[in-house]
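[1] Kindly return the folded structure for what I paste below:
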Amino acid sequence: MFSLIPIALVGVILGYVWLARSVTPATGEMVLTGLSAPVTVTRDGNAVPHISGASIQDVLTALGFVHAQERLWQMEVNRMAGQGRLSELFGDKTIFTDRFIRSMGLYESAQSSASALDETDRKKVDAYVRGINAFIDSPGPVFGSKYSPEFVILGHAPEHWTSADVIVTLKLMSVTLAANIDDEVFRLKFSRLGMSDPEITDLLPPVPGDTPPPLPDLRQVLGLQSGTLKTGAAAADSQFAALNEIMSTGASNNWVVGGARTETGKPILANDPHLGLTAPALWYLAHLQVKNGEGSSKNLVGVTLPGAPLVLLGRNDRVAWGFTNTGSDVQDIFVERINPANPDEYETPQGFSPFEKTPVAIKVKGGDTVTFERRTTRHGPVLPADYRGLDHYLPGATVASLSWTALAGDDKTISAGLKLWDFANVTDFQDGMRDFVTPMQSIVIADTDGNIGMIAPGRVPVRDPANQIMGRAPSPGWDATYDWKSFIPYEELPRIYNPADNVLATANTKIVDANYPHFLTFDWDEPWRFDRIKTLIYNANQQTLETNGKVQGDAYTSAYAALARVMLKLMDGREDVDLDVIKRLRAWDFTEDRTTAEPLLFNAWLRMAMKRMLEDDLGDAFPSYWQARADAMMRWLEPNGARDWCDDGRTPVKESCGDILALSLGDAIKDLDARLGSDRSKWNWGLLHYAYGAHRPFAQVSPLDQLFNVTVPASGGAYTLDRGKSAFADDVNPYRVTHGSSYRGLFDLADLNRSTYIQTTGQSGNVFSSNYRDFAERWANIRGITISTDERMYHDGLLGIWHLKPQ
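    A predicted model of the protein is given here:
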């Protein structure tokens, strides 16, 4: 037996070497079909590729090749997610996710969008696709895997890419940022529980200054029952765990400061989109350059999305830009009544009409093929009956359909992105986003001439003035009052140019004032981050890149400063609480620093307080609602709330808010003792609040998760500019950061080569690469890298050069 040990050891070593050789070599050459001239790919010391060629198409072919070299697994998972084919990779755990995506017809809409492109843009997309397929067709190393370890471990070989695969990769961003559908389901759940409009408003309050009309009683409008939910409503949400990873609602910060407020006299622009954290990072940094024969060049620098031929966030030679999600209401759920005499028909304002039906087959790795019939109504596709537990809430003999701008077959958002090469100023940018359909973004812009501006492009529905639901909850599909009437004209979308105060910012909260003539949404984010930007940026002059970088890393939580004062006031005079913890929280400066214990103590208290206050009121609807909600919490603690949220209806006594907070503080300390031990001197926020770059799928596989995940202690919280949002409902890891600043960009319009960038993990998607996680510490410490377009600068310390040659 012992003689076999050396053989096994040799096998392990050879296997390791074989997999490790799948890492992209720093230097190489390849002949690529379709190139018109040679292209160089120079990887600098941070593994950022500087791709230089004679035409945009050649550069995009090379970008496709580089994306495939570094991130093909990530691209493959995203593509198959958009196709509704994850179960071919991961088995029955993703059937519900595939069924949702296939029910939506997301890939079919991507195919239509690809066909709608004009010839010039289609050639650019095709060029990018050629580069991906060139890598897939390449021979690979003599001894070693061509593909990263995930392909080998799961025994999967990638198929060739198409233009529709590129479009669906972009459409997945719309799925990621589609939060409105969940707000609609919440209001449906709360109505089904018998709650009044004021009670629902307490749970989902509008931002200050917004005055939505009272929500009609959905029990009457939709024919809902009222009372205890059907058994299994909470479990229905858990079936869509893989979909929840995709639909990880995002947030973001961006701002632009005019030259009158900066040391250089030129604008500074900042952007950090807050999205679900993954390993590898969502973004891939790159510099794209087209050289002409006269020695001049056109450049794009910033973050690309592997699977798409765009620098989505970044700069060209004269303009810089940054996105945040506007959060406009571009999804409406419609409740459709089924004809009692014919289940193949549903009710319309003109009578009953047949569903459009398409058979769908989902192949399942290691299991039987799952088949179902996709149904479509005049409003859009029919949602799966068990999506978010809808079948537990809706009346009998009904289904829910979805209208959603992301499913438009004429969506040419990619065409707007392909124009970014040519914009020379802010006005060019604002006029050039006409093709942008989804997801609507609030874009701040600056140019080297000193202009600043903002535009929020996207397709937004116009609703009937008689529609009092206004997209906040599911609407009756048989009543034309609730149908979309048109879309806001492009010229009337929110737009600002050179404001008088020389500063602009957005942070997912309300971006228009009362004079704006169109409805965007009533579900804006709470304004805490925007108010903090106003404090730090709007009131400052002589700003620099460094001062703006500090603002991006700001971990002060004004939301908890306001909420803690209310909670601590209710603890005055009580002896039945841990007075040491109360003393520490009273002295807290409300900075969620990873090295201190106070943010951990407060978040644990808030988490348990929500559980004690709401679990009896919401029942099975509570877990999906359970997250930090500062504005709502302050309403619940008010003496004149819509109901007595503090009293626990499950007990024979009437609890006050002080009673509930005292009990929940005890719950929190007991929970932290169990997680960290009783020695409080060793407690700090970063122990449990760490950035969790989760690998798909090996985050779910022990011990591979230890190798493939990327984690680092993180400051910040749910309401800080340096955002670190947690999932309170995750009992195992309720404080780890699942959503955060996926990328930070800082742009100096006085010298764009001084601009800085960082994403969360590293450039490589191959776990054996030294560039797989090398950005993580730098990201956590709010430090960036520069990406110069000056060849002399990035040749210093370069890793190597690839030469791509035409056939």
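[2] So which residues of the stretch 401-550 of the chain form helices?
    Counting by DSSP state H, counting those that start in this stretch, one finds helices in the stretch 401-550 of the chain at the ranges 413-418, 426-431, 528-533, 545-552.
[3] Of those helices, give the one that comes closest to Lys298.
    In terms of CB to CB, the element of those nearest to Lys298 is helix 413-418, at 12.8 Å. Every residue, glycine included, has its C-beta placed from N, CA and C.
[4] for the closest one, packing partners?
    Packed against helix 413-418, as judged by 3 or more CB pairs under 8 Å, 6 or more residues apart in numbering; DSSP states H and E, are the following elements: helix 119-137, helix 163-176.
[5] May I see the buried residues of the very next helix or strand once past the longest one?
    This points to helix 119-137. For helix 119-137, the succeeding helix or strand toward the C-terminus, using DSSP states H and E, is helix 149-154. Buried positions in helix 149-154, judged by neighbour count with 16 or more other CB atoms under 10 Å: Pro149, Glu150, Phe151.
[6] Quick one: mean pLDDT for the helix or strand encompassing Leu600?
    Applying DSSP H and E as the criterion places Leu600 in helix 598-618. Mean per-residue pLDDT for helix 598-618: 98.
[7] which of the buried residues of helix 149-154 lies closest to Ala480?
    Glu150 (49.4 Å).
[8] Contacts only, for the closest one.
    Applying CB atoms under 8 Å, 6 or more residues apart in numbering, we find Glu150 in contact with Trp73, His156, Phe698.
[9] Which of those residues fall within helices?
    Under the assignment DSSP state H, the contacts of Glu150 contribute Trp73 to helices.
[10] Export the contacts of Glu150 to a markdown table and append columns for neighbour count, distance to Ser113 and pLDDT.
    As requested, the contacts of Glu150 are exported to a markdown table (neighbours: other CB atoms under 10 Å; distance: CB to CB, whole Å; pLDDT from 0 to 100):
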| residue | neighbour count | distance to Ser113 | pLDDT |
| --- | --- | --- | --- |
| Trp73 | 23 | 25 | 98 |
| His156 | 16 | 27 | 97 |
| Phe698 | 21 | 32 | 97 |
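[11] Let me see the domain layout of the protein.
    Per the record, the chain has its domains at 251-328+415-468+495-551, 558-591+597-683, by automatic domain parsing.
[12] ends of the longest one, how far apart?
    The first residue of domain 251-328+415-468+495-551 is 16 Å away from its last residue (CA to CA, to the nearest Å).
[13] same thing with the last one?
    Using CA to CA, the span of domain 558-591+597-683 from its first residue to its last is 23 Å.
[14] how about the helices and strands packed on helix 413-418 in JSON lines, adding mean neighbour count, distance to Leu721 and mean pLDDT?
    Converted to JSON lines, the helices and strands packed on helix 413-418 look like this (neighbours: other CB atoms under 10 Å; distance: least, CB to CB, whole Å; pLDDT from 0 to 100):
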{"stretch": "helix 119-137", "mean neighbour count": "20", "distance to Leu721": "34", "mean pLDDT": "98"}
{"stretch": "helix 163-176", "mean neighbour count": "24", "distance to Leu721": "21", "mean pLDDT": "94"}
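[15] for those, which one sits closest to Val290?
    Of the helices and strands packed on helix 413-418, nearest to Val290 by CB to CB is helix 119-137, at 11.8 Å.
[16] Pull the distance from that closest one to the chain's centre.
    Offset of helix 119-137 from its chain centre (CA atoms, centre = their mean, to the nearest Å): 26 Å.
[17] Now do it against helix 163-176: the angle between them, please.
    100 degrees (axes from the mean of the first three to the mean of the last three CA atoms, to 10 degrees).
[18] Would you mind pulling up the elements that helix 119-137 packs against?
    Other helices and strands packing on helix 119-137, by 3+ CB pairs under 8 Å, 6+ apart, are strand 28-32, helix 56-83, helix 163-176, helix 413-418.
[19] Of all those, which one is nearest Leu14?
    Per CB to CB, nearest to Leu14 of the helices and strands packed on helix 119-137: helix 56-83, 22.2 Å.
[20] Show the subsequent helix or strand relative to that closest one.
    helix 87-90.
[21] Run through the neighbouring helices and strands of that following helix.
    Counting by 3+ CB pairs under 8 Å, 6+ apart, helix 87-90 packs on helix 56-83.
[22] how much distance is there from the helix it packs on to the middle of the chain?
    19 Å.
[23] Ok, stretch 79-99 next?
    Using CA atoms, centre = their mean, the offset of stretch 79-99 from its chain centre is 19 Å.
[24] And for stretch 378-397?
    That offset, for stretch 378-397, works out to 25 Å (CA atoms, centre = their mean).
[25] in it, what's buried?
    Buried positions in stretch 378-397, judged by neighbour count with 16+ other CB under 10 Å: 378-384, 386-394.
[26] end to end, how far does it reach?
    Across stretch 378-397, first to last residue, CA to CA, it's 18 Å.
[27] Now it: average pLDDT?
    Mean predicted lDDT for stretch 378-397 stands at 94.
[28] What is the neighbour count of Arg21?
    16 (other CB atoms under 10 Å).
[29] now Ile537, nearest residue through space, not along the chain?
    Excluding its sequence neighbours, the residue lying closest to Ile537 (CB to CB, 6 or more residues apart in numbering) is Trp255, at 5.5 Å.
[30] in which helix or strand would I find the one you found?
    Assigned by DSSP H and E, Trp255 belongs to strand 251-257.
[31] in its sheet, what does that strand sit against?
    Sheet neighbours of strand 251-257, with direction, are listed as strand 268-276 (antiparallel), strand 503-506 (antiparallel) (DSSP bridges).
[32] Reformat these as CSV; add mean neighbour count and mean pLDDT.
    As requested, the strands paired with strand 251-257 are arranged in CSV below (neighbours: other CB atoms under 10 Å; pLDDT from 0 to 100):
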stretch, mean neighbour count, mean pLDDT
strand 268-276, 26, 97
strand 503-506, 25, 98
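[33] I'd like those strands as CSV, with distance to Ala562 appended.
    Converted to CSV, the strands paired with strand 251-257 look like this (distance: least, CB to CB, whole Å):
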stretch, distance to Ala562
strand 268-276, 21
strand 503-506, 20
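[34] For Thr398, find the nearest of these.
    Going by CB to CB, the one of the strands paired with strand 251-257 nearest Thr398 is strand 268-276, 32.3 Å.
[35] From Asn46, how far off is Phe775?
    Using CB to CB, to the nearest Å, Phe775 is found at 8 Å from Asn46.
[36] Count the residues that sit near the closest residue to Thr786 other than its chain neighbours.
    Counting by CB to CB, 6+ apart, Thr756 is the residue found nearest to Thr786 once chain neighbours are left out, at 5.8 Å. Residues near Thr756, counting by other CB under 10 Å, number 20.
[37] partners of Thr756 in the sheet?
    Leu746, Thr786.
[38] What separation is there between it and Asn766?
    25 Å.
[39] same thing with Asp464?
    53 Å.
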